[in-house]
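Asks: Mind looking at a prediction? Sequence and model below.
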Amino acid sequence: MRRSLRTRAVKKTRVVTPGKRTVFHFKQAKPSPAVCGMCGAKLGRAKLTPVELKRLPKVQRRAERPLPHLCPKCMREEIKKMLR
């Protein structure tokens, strides 16, 4: 087995081939969705690995608003706190 596949991030499935040999098929785990930094709500960004995210244009990687790591509701509250 390759060293890169010996991690818990890679899911292993046991498959029996037609020749009655048992082999492992490896499947990379899906990344978790982006969540708001304050309330934990899901953000509207695609669930992609860091490598796939790097290939996207910057506009699709994150929201184009102030404080893109927050959901719109929390962002409004934070801006109100800053202005006070």
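Replies: Nice, thanks for sending it over.
Asks: need the helix or strand of this structure with the lowest average pLDDT.
Replies: The helix or strand of the chain with the lowest confidence, counting by mean pLDDT, DSSP states H and E, is helix 58-61 at a mean of 86.
Asks: Following the chain onward from that helix, which element is next?
Replies: Next helix or strand after helix 58-61 toward the C-terminus (DSSP states H and E): helix 72-83.
Asks: ok, residues contacting that next one?
Replies: When contacts are taken as C-beta atoms under 8 Å, 6 or more residues apart in numbering, the neighbours of helix 72-83 outside the stretch itself are 36, 37, 38, 39, 41, 65, 66, 67, 70. In this view, the C-beta of every residue, glycine as well, is placed from N, C-alpha and C.
Asks: Report the distance from stretch 18-26 to the chain centre.
Replies: Relative to its chain's centre, stretch 18-26 lies at 30 Å (C-alpha atoms, centre = their mean, to the nearest Å).
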